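>>> coordinates only, sequence not included:
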């Protein structure tokens, strides 16, 4: 039996207003609050823990990227976004900070960024939620603290699956026909599960990798 999408969205529709702006903004606030809470409760040595979902980064570097996105949006420092040079500048900017300092830095962006999020186009605010939720899950996987929000997950899934349903309906049907729970499906569509594993699960992993080719999110070979 395949995955049934939650009733809060319908992948056969192309209405990009399906999630209200306040829902998307609330989902992002929840991610930030949970990440800040994690950073404040982790032992400082966890900062150097490697992140399997982003193997080039440790926990501190991943956190620097999460913090750097709202910082750069607020300052207009979007040159090269969302490429590697852009994210590297975020990592460099927070190099050497403790987990507590990283938590403080993330909280500092809250009031101004929430105001900006409220007026963003749907495609952009949903992409920000997709990225932040994916990295929240990367962080949780690295430190062994599962959790998260179904609302944020659903927005992340819809951001990827709506255009796929429109542009590659056969691939979307293949993905949704796999027997995956929605949390695993989100990890698969955020480039965290390899082509081989996807293929074993009944998804055409090579086709999915081809669909994401050239973008920042792609399944590892």
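Now that the structure is in, tell me what you want to look at. Owing to the predicted nature of the structure, the values given are computational and were not obtained by experimental measurement.
>>> where does pLDDT dip in this protein?
Low-confidence segments of the chain (pLDDT under 70): 1-17.
>>> burial of residue 109, as a residue count?
As a burial measure, residue 109 scores 19 neighbours (other CB atoms under 10 Å). Quick note: C-beta positions are derived from backbone N, CA and C, even for glycine.
>>> ok, for it, nearest residue in space, not its chain neighbours?
Of all residues not flanking residue 109 in the chain, residue 70 sits nearest, at 4.0 Å (CB to CB, 6 or more residues apart in numbering).
>>> residue contacts, residue 90?
Applying CB atoms under 8 Å, 6 or more residues apart in numbering to residue 90 gives the contacts 64, 65, 67, 68, 69, 71, 72.
>>> let's see that with 7 Å instead.
Residue 90 makes contact with 64, 65, 68, 72 under the criterion CB atoms under 7 Å, 6 or more residues apart in numbering.
>>> which secondary structure element contains the third one?
Spelled out, that is residue 68. Element membership for residue 68, per DSSP states H and E: helix 59-75.
>>> after that helix, next one along is what?
Following helix 59-75 toward the C-terminus (DSSP H and E): helix 84-93.
>>> on that earlier part again, in JSON lines, list the contacts of residue 90 along with distance to residue 130 and neighbour count.
Shown next, in JSON lines, are the contacts of residue 90 (distance: CB to CB, whole Å; neighbours: other CB atoms under 10 Å):
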{"residue": "64", "distance to residue 130": "19", "neighbour count": "25"}
{"residue": "65", "distance to residue 130": "14", "neighbour count": "22"}
{"residue": "68", "distance to residue 130": "16", "neighbour count": "23"}
{"residue": "72", "distance to residue 130": "17", "neighbour count": "20"}
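>>> distance of residue 153 from residue 89?
28 Å (CB to CB, to the nearest Å).
>>> between those two, which is the more surrounded one?
Legend: neighbour count by other CB under 10 Å for residue 153 and residue 89, higher for residue 153 (23 against 16).
>>> check which helix or strand covers the more buried one.
Using DSSP H and E, residue 153 falls in helix 150-167.
>>> same question for residue 103.
helix 99-108.
>>> buried stuff in that helix?
Using 16 or more other CB atoms under 10 Å as the test for burial, helix 99-108 gives 99, 102, 103, 105, 106.
>>> now do the helix holding residue 68: distance to the chain's middle.
Centre-to-centre, helix 59-75 and its host chain are 13 Å apart (CA atoms, centre = their mean, to the nearest Å).
>>> that one to helix 84-93, inter-axis angle?
110 degrees (axes from the mean of the first three to the mean of the last three CA atoms, to 10 degrees).
>>> quick one: contacts of helix 59-75?
Contacts for helix 59-75 (CB under 7 Å, 6+ apart): 35, 39, 46-47, 49, 51, 54, 78, 87, 90-91, 93-94, 99, 102, 105-106, 109, 112-113, 116, 128, 131-132, 135, 138-139, 142-143.
>>> quick revisit: now the contacts of residue 90 as a markdown table including distance to residue 208?
Output for the contacts of residue 90, formatted as a markdown table (distance: CB to CB, whole Å):
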| residue | distance to residue 208 |
| --- | --- |
| 64 | 29 |
| 65 | 24 |
| 68 | 28 |
| 72 | 29 |
